[in-house]
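In: Here is my input, please return the structure:
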Amino acid sequence: MPALQTLLDGHDGDIHVIASGDPLLHGIGGTLIRLYGPENVRVLPHVSAVTLACARMGWNVHDTEVISLVTGRPSHTAVRRGGQAIVLSKNRSTPQALAALLDTYGRGESEVSVLEQLGGPAERRRDGPAHQWAHQAPEDIDDLHVIAVRYLPDERRSPLPDDAFLHDGQITKLGIRAVTLAALQPRPGELLWDVGAGSGSNRGRMVPQLARLHRRGI
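Out: Sure, this is the predicted structure:
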């Protein structure tokens, strides 16, 4: 943001920035540190909305993916083939938009919880399957909310068996694919490309297979 770059102009004393939750968890803290350096920024974190949501759901934070749609990312980037996630919403229309996509992609049985005003006196939680949210979403959702999603059916398989790929019989062995995936540690949204060495061996076929794996959300 251009305004942040001129935040100190004309000021000699301290400047206090009020941010929601933990400023270093999808918050403004990282931006301020990047602009002004860690020695010039003191962060006083509070419990994040992600931690509060996981506490309400009974989920381990380290088993839960955090997906932010706040910055304008399209809702389809929060669709998964399994697992669970806390989705940071853009506005009150996000739950229905995400639920509609889950329903379209065959994930209509996914468990969706909208947690509003976490930690406040008006805190509220509403649960239902994705197909219900898609067609009967409440109109009074508070703008300050996060979405907890358990993706169903859970169809995660990694690595995929040989017969999941189109190949001519020459394919990197399943064990090697598994080791390679573990070493590369791909994250959702990342794309893996093959840079062939021209040796003619079938090692050059491995990364395209992994790229296809990742496109399918594995």
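In: worst-scoring helix or strand of the chain, pLDDT-wise?
Out: helix 206-215 (a mean of 48; mean pLDDT, DSSP states H and E).
In: quick one: the residue positioned nearest the centre of the chain from residue 120, how far?
Out: Here the mean C-alpha position of the chain is nearest to the C-alpha of residue 67 (CA atoms, centre = their mean), at a distance of 2.3 Å. The gap separating residue 67 from residue 120 is 23 Å, by CB to CB, to the nearest Å. Bear in mind the C-beta positions are built from the backbone N, C-alpha and C, glycine included.
In: again with residue 88
Out: 17 Å.
In: Comparing these two, which residue is more hemmed in?
Out: When neighbours are counted by other CB atoms under 10 Å, residue 88 and residue 120 differ, and residue 88 comes out ahead with 24 against 10.
In: beta partners of that one?
Out: Residue 88 has these beta-bridge partners by DSSP bridges: residue 68, residue 146.
In: tell me the contacts of it?
Out: 26, 49-50, 66-70, 146 (CB atoms under 8 Å, 6 or more residues apart in numbering).
In: Run through this protein and note the low-pLDDT ranges.
Out: 1, 158, 187-189, 194-218 (pLDDT under 70).
In: one more time with 90
Out: Within the chain, the stretches with pLDDT under 90 are 1-28, 45-46, 70-73, 81, 155-218.
In: Tell me which stretches of it form helices.
Out: For the chain, the helices defined by DSSP state H occupy 2-5, 29-36, 49-57, 94-104, 130-136, 174-184, 206-215.
In: So which bits of the third one are buried?
Out: Right, helix 49-57. Going by neighbour count (16 or more other CB atoms under 10 Å), the buried part of helix 49-57 is 49-54, 56-57.
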